[in-house]
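[1] Quick one, structure for this:
(one chain, ligands or ions: 1)
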Amino acid sequence: VERNPGEDEFHQAVREIFNALEPVFEAYPAYRKENILERMVEPERMITFRVPRVDDEGAVHINRGFRVQFNSALGPYKGGTRFYPSVNAGTIKFLGFERILKNALTEQPIGGAKGGADFNPKGRSDREIMRFCQSFMNELHRHIGPDTDIPAGDIGVGPKEIGYMFGEYKKLRGRFESGAFTGKAIEHGGILGRSEATGYGAVYFMKEMLKDHGQSFENQTVVVSGAGNVSIHAMEKTAELGAHVVACSDSCGYIYDKDGINIETVRDVKQRQGNSLSAYTSYHPDAEHHDNPTAIWQTACDIALPCATQNEIDEEAAKTLTANNVKAVGEGANMPSTVQAIRTFQEAGVLFAPAKAVNAGGVAVSALEMAQNSSRLAWSFQEVDDKLQDIMKTIYQNSTQAAQSYGRSGDLASGANIAGFVQTADAMIKQGIV
Ligand code: NDP
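    Numbering: from 1, shown residues only. Here you go, the predicted structure:
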């Protein structure tokens, strides 16, 4: 805490792992002797840079750009890029640190990284966003590459922004290196199924967990927070498996539709019109809109899938969910539950699936995109989706087995941390003290 003042989210992410790893350190003193944890929490490299831009009215603005290259024990650095006004060094470090273990869990050859800027693309014209992406890339291009560090999207960064960054990178490098980014549009090297991968993958993971406990999505009432990429695809797959999704949210509030959320309307309102979710009720007058997004957790449900943002379920929300008899919680977003909320679920016997494992489908398909770019081949949507299902099954099995082996049966949060940690730590030890 003294070495990284003010980085609260990063401290939270590290604390969660410390707790999970206790039995591993007891069983294998070599990890302690090698001081692996202290090495792992220190990024290999943290880049902070100025991103100047001119808006459409001619005013000059300065944003702050970040890239944390956290760990390259298993492969080149890999992680998304977030453009959001509250982004700071602590946010990027928490997300980058989580990526080390999450990427390891996918069993793909990729290290951990994350980047972003405190830029708000909302309400900006395409041209302004393009100029921002170009300015961001003007510095970042010298630190990335297909065998060095491969950025992708995250909140505020989709295929459009990746396209602008790739265009500028290509110009600066004078080479068409499509493997330098993932999450690209199909026209310049993207993979079919990447947009769906995180949301679908989360549901595939939950399906495995439910099956293991003699349950399924069929006829279950589900609440999915958010109304962005992860949330929309999680709702789509959940509904396909026979569940009733009754509520979703955005940063301005949440909607409850007892007849089941109409996903096409959400897509239309959020993605095509760029509107607030409150506009949903003009298409479905029987649905309700409430102003407080976190009050979504007061909605009674069997399965809760937080797919919006970090710390959206606090202890109070977790207590409300358990009082309403929630059976399972799966984290589609990164760190959506506070430490106290996770404890509340676990103590109440709710099946809890942690972000690191649940939302790893996105990065797993990104690694497939890298493989596709290297081989200059392309898979069909179905082939990618089949591979995604296999990967999510493996992540579930590995996390379950790791929890069992270290005396934490049924504790998937510990299991996922342990499985990812052991892979990374063993590779670090074999590569010496570097
Ligand atoms: P998007 O930007 O597409 O969507 C985020 C959604 O969350 C938006 O609907 C946004 O509302 C909403 N939101 C933001 N803050 C709140 C809040 N406080 N309460 C309720 N809703 C809120 O992002 P993604 O769907 O891509 O990402 C969501 C989460 O999943 C993030 O934690 C991300 O890091 C994680 N993730 C994403 C992956 C991916 O492949 N996309 C991969 C792995 C993890 P509004 O529209 O009003 O801004």
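
[2] Burial check on D149, number of neighbours?
    23 (other CB atoms under 10 Å). All C-beta spots, glycine's among them, are computed from the backbone N, C-alpha and C.

[3] ok, now D286?
    Quick note: D286 (other CB under 10 Å) scores 8 neighbours.

[4] secondary structure class for it?
    When the structure is split into helix, strand and coil by DSSP: H, G, I helix; E, B strand; the rest coil, D286 lands in coil.

[5] tell me the pLDDT at E57?
    At E57, the predicted lDDT confidence score is 97.

[6] same check, this time on F18
    For F18, the model assigns a pLDDT of 87.

[7] How about it, nearest residue that isn't a chain neighbour?
    If the residues on either side of it in the chain are set aside, F18 comes closest to L37, at 7.4 Å by CB to CB, 6 or more residues apart in numbering.

[8] Pull the contacting residues for the one you found.
    Residues near L37 by CB atoms under 8 Å, 6 or more residues apart in numbering: 18, 21, 31.

[9] Next: F166.
    Contacts here follow CB under 8 Å, 6+ apart; on that basis F166 touches 178, 180-181, 184, 188.

[10] Those residues: which two are farthest apart?
    A180 and H188 (11.2 Å; CB to CB).

[11] Please identify which of those two sits among more neighbours.
    Neighbours around A180 and H188, counted as other CB under 10 Å, are more numerous at A180. The numbers are 25 against 16.

[12] Name the nearest residue to the more buried one, ignoring sequence neighbours.
    Leaving aside its sequence neighbours, A180 is closest to P146 (5.0 Å, by CB to CB, 6+ apart).

[13] re earlier: tell me which entries of the contacts of F166 lie within strands.
    Residues from the contacts of F166 lying in strands, with DSSP state E as the criterion: none.

[14] Dump these to a markdown table, plus pLDDT and distance to E42.
    What follows is the contacts of F166, written out as a markdown table (pLDDT from 0 to 100; distance: CB to CB, whole Å):
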| residue | pLDDT | distance to E42 |
| --- | --- | --- |
| S178 | 93 | 32 |
| A180 | 98 | 26 |
| F181 | 98 | 26 |
| K184 | 97 | 31 |
| H188 | 95 | 36 |
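
[15] Could you dump those residues into JSON lines with distance to M392 added?
    Supplementary listing: these in JSON lines, determined by distance: CB to CB, whole Å:
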{"residue": "S178", "distance to M392": "26"}
{"residue": "A180", "distance to M392": "27"}
{"residue": "F181", "distance to M392": "24"}
{"residue": "K184", "distance to M392": "23"}
{"residue": "H188", "distance to M392": "27"}
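
[16] Among the residues you listed, which ones are in helices?
    Per DSSP state H, helices hold no members of these.

[17] quick check, nearest of those to G274?
    When the contacts of F166 are compared for distance to G274 (CB to CB), K184 comes out closest, at 22.0 Å.

[18] tell me which residues in the lowest-mean-pLDDT helix or strand in the chain are buried?
    Considering only helices and strands, the least confidently modelled element of the chain by mean pLDDT, DSSP states H and E is helix 8-27, at a mean of 91. Using 16 or more other CB atoms under 10 Å as the burial criterion, the residues of helix 8-27 that qualify are 9-14, 16-17, 20-21, 24.

[19] Throw the residues you listed into JSON lines and include distance to M370, thanks.
    What follows is these, written out as JSON lines (distance: CB to CB, whole Å):
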{"residue": "E9", "distance to M370": "28"}
{"residue": "F10", "distance to M370": "27"}
{"residue": "H11", "distance to M370": "32"}
{"residue": "Q12", "distance to M370": "30"}
{"residue": "A13", "distance to M370": "25"}
{"residue": "V14", "distance to M370": "28"}
{"residue": "E16", "distance to M370": "28"}
{"residue": "I17", "distance to M370": "26"}
{"residue": "A20", "distance to M370": "29"}
{"residue": "L21", "distance to M370": "29"}
{"residue": "V24", "distance to M370": "29"}
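
[20] farthest-separated two in the residues you listed?
    E9 and V24 (23.7 Å).

[21] Next, the contact list for N398, please.
    The contact partners of N398, taken as CB under 8 Å, 6+ apart, are 105, 107, 415, 419.

[22] mind redoing it with 6 Å?
    A419 (CB atoms under 6 Å, 6 or more residues apart in numbering).

[23] you'd agree it is in a helix?
    Yes: following the definition three-state DSSP, N398 is counted among the residues of a helix.

[24] thought F10 was touching I92?
    No: the pair F10 / I92 is not scored as a contact, 8.6 Å apart, by CB atoms under 6 Å.

[25] Hmm, P293 is touching I255, no?
    No: taking contact to mean CB under 6 Å, the distance of 10.3 Å between P293 and I255 leaves them out of contact.

[26] These two: which is more packed in?
    Shown here are P293 and I255; by other CB under 10 Å, I255 has more neighbours (26 against 21).

[27] For that one, give me phi and psi.
    Here is the backbone geometry of I255 (degrees, to the nearest 10): phi -120, psi 140.

[28] Quick one: residues contacting it.
    Counted by CB under 6 Å, 6+ apart, I255 has contacts 277, 280, 287, 289.

[29] Which of those sits closest to the ligand?
    Nearest to the ligand, judged by CB to the nearest ligand atom, of the contacts of I255 is L277 at 7.2 Å.

[30] how close does the closest one sit to S231?
    Distance of L277 to S231, computed by CB to CB, to the nearest Å: 10 Å.

[31] one step back: does the residue nearest to A180 really touch G179, like I thought?
    Yes: counting by CB under 6 Å, a contact exists between P146 and G179, whose distance comes to 3.5 Å.

[32] Which of those two has more residues huddled nearby?
    Here P146 and G179 are compared on neighbour count by other CB under 10 Å; more neighbours surround G179, at 19 against 16.

[33] Not counting sequence-adjacent ones, nearest residue to S399?
    G415 (3.9 Å).

[34] Could you verify that D268 is part of a strand?
    No: with three-state DSSP as the criterion, D268 is helix rather than part of a strand.

[35] For V246, see how far away it is.
    Spatial separation of D268 from V246 under the definition CB to CB is 19 Å.

[36] Same drill for the two, tell me which one is more crowded.
    The neighbour count for D268 versus V246, taken as other CB under 10 Å, is higher for V246 (20 against 15).

[37] so who does that one touch?
    In this structure, V246 makes contact with T221, judged by CB under 6 Å, 6+ apart.

[38] for it, phi and psi?
    Backbone geometry at V246, expressed as degrees, to the nearest 10, gives phi -110, psi -10.
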